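Student: Curious how this folds, go ahead:
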Amino acid sequence: MKAYTYTIQIEPAEEGGYNVYVPALPGCVTQGDSYEEAVAMAEECIEGFLEALVKAGQSIPIEAPSPTAVKALVRVKSPIPV
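Tutor: All right, here's what the predicted structure looks like:
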C-alpha cells in the first residue's frame, strides 16, 4: 500500500466549526466541529476520495512538493499594551 501526502486548507465556518478543502483533489471537502475533528475528517475524506478514484479506474493525483514551512518567533514593540 502506497502512502500519499496532501495539503489541506482549514477555514473557520460562519456557522461554527471548520471547513476543510484539499486543493490537489478538487471536490474533496469536509468539515468538523473542532480543529482536531476537521483534521481527522480530512484524513477520512482523502482516503475515501482516493479509493473512489481507484475504483473508477482513474489515476491518483500526486501533489507537487512545496517548500518546507519554517516557524519564526519575532518580538515587536507595540504602543498598545497586550
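Student: how about the helices of the protein, start to end?
Tutor: Under the criterion DSSP state H, helices of the chain are mapped to 35-55.
Student: And the strands in it?
Tutor: Assigned by DSSP state E, the strands in the chain fall at 9-12, 18-21, 29-32.
Student: So for Ile62, what's the nearest residue that isn't a sequence neighbour?
Tutor: Distance criterion Cβ to Cβ, 6 or more residues apart in numbering; nearest residue to Ile62, sequence neighbours excluded, is Tyr4 at 7.4 Å. Using the backbone N, CA and C atoms, a C-beta is placed for each residue, glycine as well.
Student: Over to Ala24?
Tutor: Glu63 (4.1 Å).
Student: Next: Thr5.
Tutor: Thr5 sits nearest to Glu63 (Cβ to Cβ, 6+ apart), 6.8 Å away.
Student: Contacts for stretch 40-47 next, please.
Tutor: Identification of contacts with stretch 40-47 by Cβ atoms under 8 Å, 6 or more residues apart in numbering yields Tyr4, Tyr6, Ile8, Ile10, Val20, Val22, Leu25, Cys28, Val29, Thr30, Gln31, Gly32.
Student: hang on, the third one packs against Asn19?
Tutor: Okay, so that is Ile8. No: counting by Cβ atoms under 8 Å, Ile8 sits too far from Asn19 to count as a contact (10.5 Å).
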